[in-house]
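Student: Let's see this in three dimensions:
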Amino acid sequence: MGPAGWVGRIDHVRVYLSDENGEASRAQAAVADMVSESLPALQDAASTYLDTFVDRQKACGSADERWWLDEIDFRGHPDAAPIAYSLLFTLHGDDGGLWTVDMRVFEDGHRPFRFERLQG
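Tutor: Here you go, the predicted model:
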């Protein structure tokens, strides 16, 4: 994760924004507002993206287990275009696993472009 000097919340989900001269990055904050307005749809898109590559039955023992969104991290440089952010998920039964879906912001919407799994 990159520098995350500002922490907020969207419901139960922690949101990390980069620090920009003592303030939250304005560009990232603007995208965070958009994410907040459409979080269920973005969460569904990221979950569907994970399901394209991950067999939940093998990963946690249950094909029906839900992806739990825990954090949103704006780890890219605040001036990068397009802005990227990450949705971080856990999967009950996958002890210590953290699943990340990276999203990019385009004029026509937010799209997943990469995922990773970390073991902690």
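Student: what comes up buried for stretch 18-30?
Tutor: Ser18, Glu20, Ala24, Ser25, Ala27, Gln28, Ala29 (16 or more other C-beta atoms under 10 Å). To be clear about C-beta, it is placed using only N, CA and C from the backbone, and glycine gets the same treatment.
Student: Output the below-cut-off pLDDT ranges for this protein.
Tutor: Within the chain, the ranges that satisfy pLDDT under 70 run 1-4, 75-79.
Student: Closest to Gly96 out of the buried residues of stretch 18-30?
Tutor: In terms of C-beta to C-beta, no member of these lies closer to Gly96 than Ser18, at 26.7 Å.
Student: Before we go further, Val101 is sitting in a strand, right?
Tutor: Yes. Assignment of Val101 by DSSP: H, G, I helix; E, B strand; the rest coil places it within a strand.
Student: Is the closest residue to it other than its chain neighbours in a helix, a strand, or coil?
Tutor: Of all residues beyond its chain neighbours, the one nearest Val101 is Ala46 (4.0 Å), with distances taken as C-beta to C-beta, 6 or more residues apart in numbering. Three-state assignment for Ala46 (three-state DSSP): helix.
Student: ok, Ala46 - how many residues close by?
Tutor: For Ala46, the neighbour count with other C-beta atoms under 10 Å is 25.
Student: and if you look at Leu98?
Tutor: Neighbours of Leu98 (other C-beta under 10 Å): 16.
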